[in-house]
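> Here is a sequence with its predicted model. Questions after.
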Amino acid sequence: MKKAVETWDRRISEYRPENGVWHLMAPGVGGFVYPAGIEAQAVDLMLTDVLMAEHILRSQLPLLDTHTTYPLPPVRWKLHRFIRQYRGFRDNDGKLHVHINAVWDDERGDNGWIVIHDGGNFYWQVWVDVDSGRLYDLMINGEA
């Protein structure tokens, strides 16, 4: 069993020691996991944390991402086309929250946390409370 887990970990992720960023590649998911850094309450994420956050994202995004949320087509329709960046934080109660920053697949997500203003639904962010299994604070960029 241990060998199977190691093989699975090696298949879906690759560590880049030069900047501490994990490159995550799994079916329907491509992204980069960032280390804790210097932000208060920031924590390093485990692979299982990211996979759980993705599960919560996929199951609950249709509840938040509707035509009333944003006038263009929902981002969930092309979820597989977004490169995601992940950062972990613990709140005062010790619960794990994952900040997901999503950018269109033409962007490179391993050269630092991407901050884009405007750009419409090609750029969005959401938070996941992994411990309670809740998706919240979906923010889809606007257009200039």
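Everything's here; your move.

> make it CA atoms for all contacts and neighbour counts henceforth
OK.

> Point to the residue nearest the middle of the protein.
residue 100 (3.2 Å; C-alpha atoms, centre = their mean).

> helix or strand for that one, which one?
strand 96-104 (DSSP states H and E).

> So for that strand, mean pLDDT?
Mean per-residue pLDDT for strand 96-104: 94.

> Within the sheet, what are the partner strands of it, with directions?
With DSSP bridges as the test, strand 96-104 is paired with strand 82-90 (antiparallel), strand 123-129 (antiparallel).

> Go through these and pick out the most buried.
strand 82-90 (a mean of 23; mean count of other C-alpha atoms under 10 Å).

> Let me see the residues that make contact with it.
Outside strand 82-90, the residues that touch it by C-alpha atoms under 8 Å, 6 or more residues apart in numbering are 29-36, 41-45, 50, 96-105, 107-109, 113, 122.

> before we move on, the earlier item: would you mark the buried spots in the strand holding residue 100?
Within strand 96-104, the residues scored as buried using 16 or more other C-alpha atoms under 10 Å are 96-104.

> ok so, going back, among the strands paired with strand 96-104, which comes closest to residue 61?
Nearest to residue 61 among these is strand 123-129 (9.3 Å), distances taken as C-alpha to C-alpha.

> Sweet, I'm off.
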